[in-house]
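Enquirer: can you look at this prediction? I've put the sequence above it.
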Amino acid sequence: MAPGADPSSFSSFAKCITKHLNLTFHVDFDSHVIKGKVALTIEVLEDKFFCLTLDTKDLKIAKVTANGQEAKFALGAQHRFKGAPLEITLPFELSRGQHMILEVTYETSPKASALQWLTPEQTAGKKQPYLFSQCQATHCRSMVPCQDTPSVKHTYYAQNILLAFQRKCRRGQSAERAVSVPKELVALMSAVRDGQEVDPQDSGRTIYRFRQAVPMPSYLIALVAGALESREIGPRSRVWSEKELVDQAAYEFAETETMLKTAEQLAGPYVWGQYDILVLPPSFPYGGMENPCLTFATPTLLAGDRSLSNVIAHEISHSWTGNLVTNKTWEHFWLNEGHTVYLERMIGRSMESEQFRQFKAIGGWKELQESVNTFGANNPLTNLVPSLEEVDTDEAFSSVPYEKGFALLYHLEELMGGPEVFMGFVKSYIQLFAYSSVTTEEWKNYLFTYFKDKVDILNKVDWNGWMHTPGMPSVKTQYDTTLADACINLCKRWTQAKEVDLAGFSEADLKALSSHQVIEFLALLLQEEPIPLSHVKRMQEVYNLNAVKNAEIKFRWLRLCVRSKWEEAVPLAFKMATEQGRMKFTRPLFREVYNFDKFRDEAVSTFIKYRGAMHPVTAFLVAKDLKVDQGQSTGF
């Protein structure tokens, strides 16, 4: 497949592609920088090749060499969100098919958007600092100069070049791989662990080595350094976190191997070897991140009842749809997320029931509706395939690619003959495009090829409506409401209740509902007009929702309270919005309080006070939500 253009990248991947990275990281907690060296193995795609461009963002470039010879380089103009192109002129000319080693020595910025540096006070243990990366979608360039586009997939090692040379000379061994961190800390990457030893340059530091032998895009490179411990949770899985949370995390994720085996039965062999889970500090901005060999997970999943394991099912599914088969550019993000939601729910179907899958789909439709309402029904970012020309991928992020993508796949499932038939296509699609990056057009062409006996049905699908029209899909599926009926009925009771009816509610109302159903009940209430203040107070009286630990329930409950103008709930909403930084929770909670006129100024001042402890992406987007000047003082 010929390389195309990527509006989110400066890199010249039509002229050359990266096949492998060798990374050397010296993690400096004092200055909040990584002193790095990256050796890129580049394959040339054209004749008379002598210059190329890499993506960078806020990097300090010290030196560039090509096959050991010094190369000229210059950083281009700084773009508002894409960073600055690193333009390199080689000291020689190469031809199509030739390879070279391009080595860049550099240092990250303390404000690198991929990296969050935590003080000991921001961790669970309160004794050691912590670093984690989040490169999706376009932040790897702030950690490594690279071709930061999902169109390019490569292997990577983390390698200490000096140590490698010494060992190679002594024993004739292949290159060692390493990341240097203070000896009190453990380093992990989105790769297989390959040993550790005292740093020969500094006995107060430890070197960790890693190798990733499966080609993957740059956004899946991940690094963490912290006071970490692990527990085995399966034959190919460990859970990692600070010691304060590790046993709880091991309990929460005990079904990981069952999920992996179920996914393999559906989608084919798991090719990444290890499947570990890392529970991060609270400021991690997402529910999970599918870094190969090391899924990142928010501590908000630790509800104590294993009810939120669908997030892990989602990240496991990404091992096939996203990591193995990848969207070619971020405009085709739905290929990653729509298929992953579909596979996640098929895992739920296998482990629970078809009714459970239908129930989760009902909830997903509501999430899609909320995203469309937030963006506006005519906003082109609600297209399944949006144009991202001069659009920051962070600002485009929503549930649209997840749930509109799932809705399309479910619609096709119904047209093509049911879940077993359509899952056959999904598995075949994964096998055909494994290790490559794909566009929507390539996916669609294969869909027509696979179902060649049903082309007449596929031709009747409103493809332009699904892909390139904003707003909700024109086709609304009727899902099985068996598990949703109890939630719908309880919601109706509350919305229709008069003051005299409130005595009729009791704690027994929720006893028969699962955690998933309680979440759905509250989500339904959030779609209605705000219920009277007397009703939410009675709800707290009989259900005691303020005491619930499940973050999904707590989040929806607090939004409900703030919408009903319950002033006592505002401090609780601020507490949840600032004690964890998962954007799914933090952004809507701040928006709800901001929309409560009496507390608008307090929403802004609270955000400014806590902004310094937030992940850079979270802080940027909450500032936009609250119309806060990005340069305003953080209060830290």
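Expert: Right, received. Where do you want to start?

Enquirer: tell me, what residue is most central in the chain?
Expert: Met289 (3.8 Å; C-alpha atoms, centre = their mean).

Enquirer: low-confidence stretches in the protein?
Expert: Applying pLDDT under 70 to the chain flags the ranges 1-4, 159-177, 304-308, 630-636.

Enquirer: how about a cut-off of 80?
Expert: Where the chain drops to pLDDT under 80, the residues are 1-4, 159-177, 303-309, 630-636.

Enquirer: hang on, the earlier thing: which residue sits closest to the residue nearest to the centre of the chain in space, ignoring its chain neighbours?
Expert: Excluding its sequence neighbours, the residue lying closest to Met289 (C-beta to C-beta, 6 or more residues apart in numbering) is Phe296, at 4.1 Å. (Glycine included, C-beta is placed from N, CA and C.)

Enquirer: do Leu278 as well
Expert: Leu278 sits nearest to Trp240 (C-beta to C-beta, 6+ apart), 4.5 Å away.

Enquirer: that neighbour: what secondary structure?
Expert: strand (DSSP: H, G, I helix; E, B strand; the rest coil).

Enquirer: that one contacts Ala227, doesn't it?
Expert: No: using C-beta atoms under 8 Å, Trp240 makes no contact with Ala227, being 10.9 Å away.

Enquirer: what touches both of these two?
Expert: Common neighbours of Trp240 and Ala227, using C-beta atoms under 8 Å, 6 or more residues apart in numbering, are Val186.

Enquirer: related to what we said a few turns ago, beta-bridge partners for the residue nearest to Leu278, please?
Expert: Ser230, Leu278 (DSSP bridges).

Enquirer: give the contact list for it.
Expert: Trp240 makes contacts with Val186, Leu188, Leu228, Glu229, Ser230, Val246, Asp276, Ile277, Leu278, Val279, Leu294, as judged by C-beta under 8 Å, 6+ apart.

Enquirer: one more pass at 6 Å, please.
Expert: Trp240 makes contact with Leu228, Ser230, Leu278, according to C-beta atoms under 6 Å, 6 or more residues apart in numbering.

Enquirer: Tyr251: neighbour count?
Expert: 14 (other C-beta atoms under 10 Å).

Enquirer: hey, where'd the helices end up in the stretch 251-400 of the chain?
Expert: 256-267, 310-318, 333-351, 354-375, 393-396 (DSSP state H, counting those that start in this stretch).

Enquirer: what's the closest of those helices to Lys444?
Expert: Nearest to Lys444, of all the helices of the stretch 251-400 of the chain, is helix 333-351, at 10.3 Å by C-beta to C-beta.

Enquirer: just grab the bridge partners of the closest residue to Glu257 other than its chain neighbours for me.
Expert: Using C-beta to C-beta, 6+ apart and skipping residues adjacent in sequence, the residue nearest Glu257 is Gly234, 3.4 Å away. Gly234 has these beta-bridge partners by DSSP bridges: Ser237.

Enquirer: sheet-wise, list the partners of the strand or helix carrying His26 with their directions.
Expert: With secondary structure defined by DSSP states H and E, His26 is part of strand 16-28. Strand pairing for strand 16-28, determined by DSSP bridges: strand 33-44 (antiparallel), strand 154-158 (parallel), strand 178-182 (parallel).

Enquirer: in TSV, list these along with mean neighbour count and distance to Lys624.
Expert: Below are the strands paired with strand 16-28 laid out as TSV (neighbours: other C-beta atoms under 10 Å; distance: least, C-beta to C-beta, whole Å):
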stretch	mean neighbour count	distance to Lys624
strand 33-44	21	27
strand 154-158	23	33
strand 178-182	24	34
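
Enquirer: out of the ones you listed, flag the one nearest Lys460.
Expert: Nearest of the strands paired with strand 16-28 (C-beta to C-beta): strand 154-158, 40.9 Å.

Enquirer: how many other residues sit next to the closest residue to Ala396 other than its chain neighbours?
Expert: Leaving aside its chain neighbours, Ala396 sits nearest to Leu381 (5.1 Å; criterion: C-beta to C-beta, 6+ apart). By other C-beta under 10 Å, the residues close to Leu381 number 18.

Enquirer: likewise for the one 3 residues further on?
Expert: For Leu384, the neighbour count with other C-beta under 10 Å is 25.

Enquirer: check contacts around it.
Expert: Leu384 makes contact with Trp334, Lys404, Trp466, Met467, according to C-beta under 6 Å, 6+ apart.

Enquirer: which members of those residues are positioned in helices?
Expert: Counting by DSSP state H, the contacts of Leu384 place Trp334, Trp466, Met467 in helices.

Enquirer: and Ala603, what is it in contact with?
Expert: Contacts of Ala603 (C-beta under 6 Å, 6+ apart): Phe590, Val593, Tyr594.

Enquirer: is it true that the second one touches Phe599?
Expert: Yes: A contact is recorded between Val593 and Phe599 when judged using C-beta atoms under 6 Å, the distance being 5.1 Å.
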